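[1] Structure, please.
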Amino acid sequence: MTAVIYARYSSDSQREASIEGQQRDCKDYAEKNGITVVGTYIDRAYSAKTDDRPDFQRMIKDSAKKIFDVVLVWKLDRFARNRYDAVNYKYQLEKNGVHLVSAMEPISQGPEGIMVESMLIGMAEYYS
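    A predicted model of the protein is given here:
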């Protein structure tokens with residue numbers, strides 16, 4: 001199984017170290033789960049409240065090329081802080097055969113996982 005890492009930070013109060021930490025945790029998760037990381041997409045100083053993020057958009061487009069199976073994020077709030085964008089872009093990934101995985105938030109497959117994921121995205125939107 002192959003994955004790309006998507007990492008981002010949103011403001012000057014966060015730093016490049018935030019990106020490094022996200023990548024480190026995602027790589028650790030990948031190694032423990034037999035996933036090969038084949039690339040990284042990074043948006044620096046971009047909010048996840050909007051989908052106007054250059055590397056995020058490039059990653060979504062690249063998912064159609066079938067070169068990776070998983071998008072690995074540190075936490076779901078790195079992917080989106082807007083539930084509509086989260087659902088829309090996760091659907092696009094799944095349509096391309098790509099799964100979204102959070103390294104720090106264990107989310108099961110099935111009905112319970114759907115509820116947990118929905119709550120996490122809702123909380124990210126609420127606190128943003």
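[2] Mind telling me what element the nearest residue in space to Asp85 that is not next to it in sequence is part of?
    Nearest non-adjacent residue to Asp85, counting by C-beta to C-beta, 6 or more residues apart in numbering: Asp51, 5.0 Å away. For glycine as for every other residue, the C-beta is placed from the backbone atoms N, C-alpha and C. Using DSSP states H and E, Asp51 sits within no helix or strand.
[3] I figured Asp51 hits Asp43, correct?
    No. Contact criterion C-beta atoms under 8 Å: Asp51 and Asp43 do not qualify, at 10.7 Å.
[4] For the residue nearest to Asp85, which residues are in contact?
    Listed by C-beta atoms under 8 Å, 6 or more residues apart in numbering, the contact set of Asp51 reads 57, 80, 82, 85, 89.
[5] Could you rerun that using 10 Å?
    Shown in contact with Asp51 (C-beta atoms under 10 Å, 6 or more residues apart in numbering): 57, 60, 80, 82, 84-86, 88-89.
[6] Most neighbours of all these, which one?
    Greatest neighbour count in those, by other C-beta atoms under 10 Å, goes to Ala80: 26 neighbours.
[7] shouldn't Lys75 be in contact with Ser102?
    Yes. The pair Lys75 / Ser102 is scored as a contact, 5.6 Å apart, by C-beta atoms under 10 Å.
[8] and for the two, which residues touch both?
    Jointly contacting Lys75 and Ser102 under the rule C-beta under 10 Å, 6+ apart are Leu120.
[9] Between those two, which is the more surrounded one?
    Taking neighbours as other C-beta under 10 Å, Lys75 and Ser102 compare with Ser102 leading, 21 against 14.
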